[in-house]
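Visitor: Next comes the sequence, and after it the predicted model I'd like to discuss.
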Amino acid sequence: MSETDKLSLPVMQLARDNDEFRKVLWTGKNVQLVLMAIPEGGEIGGEVHEGHDQLLWFVQGTGRAKIGDVECDIADGDVSIVPSGTYHNFRNTGSGMLKLFTTYSPPEHEPGTEHATKREADQDG
């Protein structure tokens, strides 16, 4: 899939409609917009982004966030902030998909990246 060239998007609805683990919507020089959907019982997977700040906006479902040494529950309407160099993971603890959109600054993924599942994302590196 190619990225959108639109500069205004109904991102909340796009995130709710998305069923792919990762879908890059738009990549600029300094920021990237990505949709994510985490299946019931699934997780993003523990990781650290060196040199990339990340914001995650949750639009559907419930889960558990671990950012550094802090853990908390998350639900639709919440935003999580992950400063560069901070360990983080997000788990879906609810029923149904945990859906969100996230920004990376600067961009983290190749423009147009799509992964239907976490397994596919892990295989892609």
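Guide: In hand now; what should we look at?
Visitor: which is the next helix or strand following the helix or strand bottoming out on mean pLDDT in the chain?
Guide: Least confident helix or strand, the chain: strand 114-115 with a mean of 76, by mean pLDDT, DSSP states H and E. Next helix or strand after strand 114-115 toward the C-terminus (DSSP states H and E): helix 118-124.
Visitor: hang on, the earlier thing: name the residues that touch the least confident helix or strand of the chain?
Guide: Contact with strand 114-115 is made by 1, 20-24, 121, 124, as judged by CB atoms under 8 Å, 6 or more residues apart in numbering. C-beta coordinates here come from the backbone N, C-alpha and C atoms, glycine included.
Visitor: which stretches of this protein form strands?
Guide: Using DSSP state E, the strands found in the chain span residues 22-27, 32-38, 53-60, 62-67, 70-75, 79-82, 88-92, 98-105, 114-115.
Visitor: just so I know, which of those strands lies nearest Glu47?
Guide: strand 88-92 (6.6 Å; CB to CB).
Visitor: tell me the mean pLDDT for the closest one?
Guide: Mean pLDDT, computed over strand 88-92, is 98.
Visitor: buried sites along that strand?
Guide: For strand 88-92, the neighbour count (16 or more other CB atoms under 10 Å) marks 88, 90-92 as buried.
Visitor: how about low-confidence regions in this structure?
Guide: Applying pLDDT under 70 to the chain picks out residues 1-2, 110, 125.
Visitor: sorry, back to before: distance to Glu47 added to the strands of the chain, as CSV?
Guide: What follows is these, written out as CSV (distance: least, CB to CB, whole Å):
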stretch, distance to Glu47
strand 22-27, 12
strand 32-38, 13
strand 53-60, 10
strand 62-67, 11
strand 70-75, 16
strand 79-82, 9
strand 88-92, 7
strand 98-105, 12
strand 114-115, 14
